[in-house]
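Engineer: Please find the sequence and the predicted model below.
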Amino acid sequence: MTETPEEYKDIAPYDDAEFKSQMAQLISEPGFEHAIRYVMPDVDFNALRDSLMRLDNKEDFQKLVMMNILLLLEKKTTAGVSDSGIENFNPNHASLFITNHRDIVLDASFLGLAMIRRGLQAQEIALGDNLLIYEWIEKLVRLNKGIIVKRNLRLTKALEAARQLSGYIHHCIMQKNKSVWIAQREGRAKDSNDVTQDAVLKMLALAGEAPDALHRLMELNIIPTSISYEYDPNDYLKAKEFLSRRRDPAFKKCQRDDLLSMETGILKYKGRVHFSIRRPVNQELESLVAITDKNEVIRKVCEIIDREIHLGYRIYPVNYIAFDAVNATDRFAGEYSAADVEEFNRYLDGQLDKVDLPDITEEERAFMRRAILGMYANPLRNQLTAKGEAVKPES
């Protein structure tokens, strides 16, 4: 395998030549052992450590170790992970999967699981360094095909980091012929209103061989992909954050909050999970060649990606229930039963009971309930818009 060019060494996944030494450092970290025992309390850690030390490359690590962990999480925390549209991906032509962002860890991991199940290689994963709270987490991420996205930098450094990241993603797809996953936005869409940030596409267009932004994006063979979780185990934490910010506009999350979100997303129940892999968008992008204004090009590409993601949502009964509740209508009453509504209301009450802020008033609880309902309604609202169907404004 070709060694990673020096200019990308600090953000790229570890080369296989350094795999064993980095793995040895990882398994000696007490934090790693603690995390493994927490996620898999029945594990024989000594046996796992011996197995890890016998590995010498990222592919085997993913297929022999990480896949089994993901299968365990699928069994324990979901009602099944399904996918559609895999025929839209040509394994001989690397692609950039751009997805909506629901779960910090599992969005990209479950997509990789879908690939490995079909005998394909999992994609490399772009992950913000704000989540790499401990050194051992960064090691684990880079051993697992993680690409480090540098965040919270001063302007000059931020531009340098964006050029470096863009260059590496282009290198991955065009030179290595390895696919990459990136979220459509920095951070999760807390209200589930999935919109591609133009900053992400502007970053991707910084590098490449083509003379203009549009064709640099086309070099990446972008495949929009929709992720649909029936239940978001972090919904109450997002509602808590909304209320905290309502109480204090200067509220900021701390590292402990990010760790809790990661832990909750990984370990708590998600119901059904579906990935819809859409067609590559290059043919649609060709229609933009006459546009000379770069910002307009980026805006149009964002719209194309958003439309594909919205059309690809798997809509569950909870989404129909939430949409009707938010809009005070029975438009989709045929998509759910009275028992479904009762079960969802019990679920909402249980999630709201978990919010541990002091002195929550009835009005504040109602505010959080509306926020969670909005999270579940928005995928359907966006899909209706993408289909050109009327959407009653939210009240």
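Structural biologist: Okay, I see it. Numbers count the residues shown, from 1 in each chain.

Engineer: the strands in this protein, which residues?
Structural biologist: Listed in chain order, the strands of the chain (DSSP state E) span residues 81-84, 96-99, 124-128, 146-149, 180-183, 222-229, 273-277.

Engineer: so which of those comes closest to residue 292?
Structural biologist: Across these, residue 292 has its closest neighbour in strand 222-229 (21.0 Å, Cβ to Cβ). (C-beta placed from N, C-alpha, C; glycine too.)

Engineer: Can you tell me the strand partners of the closest one and which way each runs?
Structural biologist: Sheet partners assigned to strand 222-229 using DSSP bridges are listed as strand 96-99 (parallel), strand 273-277 (antiparallel).

Engineer: List the contacts of that strand.
Structural biologist: Under the contact criterion Cβ atoms under 8 Å, 6 or more residues apart in numbering, strand 222-229 has outside partners 88-89, 95-103, 107, 110-111, 270-282, 285, 304-305, 308-316, 379.

Engineer: just the buried members of those residues?
Structural biologist: Buried subset of the contacts of strand 222-229 (neighbour count, 16 or more other Cβ atoms under 10 Å): 89, 95-103, 107, 110-111, 270-271, 273-278, 280-281, 285, 304-305, 308-310, 312-316, 379.

Engineer: now, which of the residues you listed lie within helices?
Structural biologist: 107, 110-111, 285, 304-305, 308-310, 379 (DSSP state H).

Engineer: If I follow the layout properly, residue 233 ends up in contact with residue 263?
Structural biologist: No. Residue 233 lies out of contact with residue 263 (Cβ atoms under 8 Å); the separation is 9.8 Å.

Engineer: Who has more neighbours out of the two?
Structural biologist: residue 233 (21 against 17; other Cβ atoms under 10 Å).

Engineer: Now do the residue nearest to that one when sequence neighbours are not counted against residue 144, distance only.
Structural biologist: Sequence neighbours aside, residue 268 is the residue nearest to residue 233 in space, at 3.4 Å (criterion: Cβ to Cβ, 6 or more residues apart in numbering). To residue 144, residue 268 is 21 Å away according to Cβ to Cβ, to the nearest Å.

Engineer: Pick out whichever of these two has more residues nearby.
Structural biologist: Between residue 268 and residue 144, residue 144 has the larger neighbour count (other Cβ under 10 Å), namely 21 against 13.

Engineer: Just the pLDDT at the more buried one, thanks.
Structural biologist: Here the pLDDT value assigned to residue 144 is 96.

Engineer: So what's the residue count around the closest residue to it other than its chain neighbours?
Structural biologist: Of all residues not flanking residue 144 in the chain, residue 66 sits nearest, at 5.9 Å (Cβ to Cβ, 6+ apart). Using other Cβ under 10 Å, residue 66 has 20 other residues around it.

Engineer: just residue 269 next, same as before
Structural biologist: 12.

Engineer: That one contacts residue 233, doesn't it?
Structural biologist: Yes. Shown here, residue 269 and residue 233 form a contact pair, counting by Cβ under 8 Å, at 6.3 Å.

Engineer: Output stretch 128-145 as CSV, restricted to C-alpha atoms.
Structural biologist: The C-alpha coordinates for stretch 128-145 follow below in CSV (Å, rounded to 0.1, in the frame of the first residue of the first chain):
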residue,chain,number,x,y,z
GLY,A,128,-13.9,16.4,14.2
ASP,A,129,-11.1,16.6,16.6
ASN,A,130,-13.3,18.2,19.2
LEU,A,131,-14.6,14.6,19.9
LEU,A,132,-11.1,13.2,20.4
ILE,A,133,-11.1,14.1,24.0
TYR,A,134,-8.4,11.6,25.0
GLU,A,135,-5.3,10.6,23.1
TRP,A,136,-6.4,7.0,23.0
ILE,A,137,-9.7,7.9,21.2
GLU,A,138,-7.7,9.6,18.4
LYS,A,139,-5.5,6.5,18.1
LEU,A,140,-8.6,4.2,17.9
VAL,A,141,-10.2,6.5,15.3
ARG,A,142,-7.1,6.6,13.1
LEU,A,143,-6.6,2.8,13.4
ASN,A,144,-10.3,2.5,12.3
LYS,A,145,-9.8,4.6,9.1
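
Engineer: Alright, calling it a day.
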